[in-house]
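A.B. asks: sequence plus predicted model, see below.
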Amino acid sequence: IIEKINRPQEPTKPFPYNSEEISFYNDIDKITLAGTLTTPKNKKDFTTAILISGSGPQNRNEEIMNHKPFLIISDYLTRNGIAVLRYDDRGIGESQGEYSKATSKDLSRDTEAAIKYLKSRKDINKNKIGLVGHSEGGLIAPMIASNTNDVSFIVLLAGPGLKGGQLLLLQKKLIEQKSGINDTAVNKSQEIFKGAYEIVSTFKGNDEELRNKLKGYFNEKLNHSMEDSQINSLIENITSPWMKYFIKYDPSSALKKIDIPVLALFGKNDLQVPAVENSKAFQDFGNKNIEIIQLDNLNHLFQESKTGMPNEYSEIEQTISPKVLDIISKWIIELN
């Protein structure tokens, strides 16, 4: 028997708002993306938010570990008078395209296509379109906002402030420490991966040469103690288009150019985008219009949590803390 997982926050029909299946076209990558647009009933001139999912292929509900954070966020915001567009990542659900070859930059064009679609609709106020990005989505939102005047605000939920390689090392360290791995092993792994990410960041040759260089590097560092198949899968991961882009990407390049209102929320139990270090990076960007809030006991998915470890996500009944929904909603309403 499959045990029914209890997710008490999931809304059930009938909804007190309009919900429409929509699709829009990314004319640069020549793909059609599919999503859902929820709009308040009996209200004109509302604000619209586009939700941008975290890393990994996800559907419009950002479904992860049997949680549907984006379904709950869009339901809550729309009940509070804010329209929401959420869509399936490319290659997922009803959206076309190939996810495995896409970098954050490629995915940003899908969100740009969503903005263009909203601007083409008569019922949407073109001057009140904002972006709400979770995790990698919090990297993509500033990327877009720094290049266009079409975005009026951004909400970043665990949005990275540190350069990709640096963030991956920090994430690795915290999760290994939390798992009870001893300091010597943690430090050794930091040293090895720091070197690997530096190779990826600075390498000038083609992919095959990069893979060979990394293979030599890992074999030397690990005294040939790792099976070839393990090393190959590790290298495959580090040299994927997404990972190469992420390791090199520095969010400050976009964040420095933004002067629209920004709300940046971090969970103090987040081991993937740690609150203290990433908040500090945000403070250093000098945007007078940014509000940064660190929230106690919340993990990377903004669930009330004990350890913050990724293996805890599915065990927690709550999908997203009601406090977070309230903060986002009130902040957007106050802007407009």
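C.D. replies: Structure's in. What do you need? Because the structure is a prediction, the values reported are computed rather than measured. Residues are numbered from 1 along each chain as shown.
A.B. asks: check what pLDDT the residue of the chain positioned farthest from its centre gets.
C.D. replies: Largest separation from the mean C-alpha position in the chain: residue 223, at 36.2 Å (C-alpha atoms, centre = their mean). As predicted, residue 223 sits at a pLDDT of 87.
A.B. asks: try residue 2
C.D. replies: Here, the pLDDT recorded for residue 2 equals 57.
A.B. asks: swap in residue 295?
C.D. replies: 98.
A.B. asks: is it correct that it is in contact with residue 321?
C.D. replies: Yes: contact between residue 295 and residue 321 holds when scored by C-beta atoms under 8 Å: they sit 7.3 Å apart. Every C-beta, even on glycine, is put in place using the N, C-alpha and C of the backbone.
A.B. asks: what do the two both touch?
C.D. replies: Common contacts of residue 295 and residue 321 (C-beta atoms under 8 Å, 6 or more residues apart in numbering): residue 302.
A.B. asks: higher neighbour count, those two?
C.D. replies: Just comparing residue 295 and residue 321: by other C-beta atoms under 10 Å the higher neighbour count belongs to residue 321, 21 against 18.
A.B. asks: let me see the contact set for the more buried one.
C.D. replies: 295, 298, 302, 303, 304 are the contacts of residue 321 under C-beta under 8 Å, 6+ apart.
A.B. asks: in a helix, residue 257, correct?
C.D. replies: No: read with DSSP: H, G, I helix; E, B strand; the rest coil, residue 257 is coil and lies in no helix.
A.B. asks: tell me who's in contact with it.
C.D. replies: Per C-beta under 8 Å, 6+ apart, neighbours of residue 257: residue 146.
A.B. asks: also residue 106?
C.D. replies: By C-beta under 8 Å, 6+ apart, the contact set of residue 106 is 29, 90.
A.B. asks: so what's the backbone phi/psi at it?
C.D. replies: Per-residue torsions, residue 106: phi -60, psi -50 (degrees, to the nearest 10).
A.B. asks: report how many residues lie close to residue 142.
C.D. replies: 32.
A.B. asks: one more: residue 282?
C.D. replies: Residue 282 has 24 neighbours, counted by other C-beta under 10 Å.
A.B. asks: did I read that right, it in a helix?
C.D. replies: Yes: Residue 282 forms part of a helix when assessed by three-state DSSP.
A.B. asks: let me see the ranges of the strands in the stretch 201-336 of the chain.
C.D. replies: Under the criterion DSSP state E, counting those that start in this stretch, the stretch 201-336 of the chain contains strands at 262-267, 290-295.
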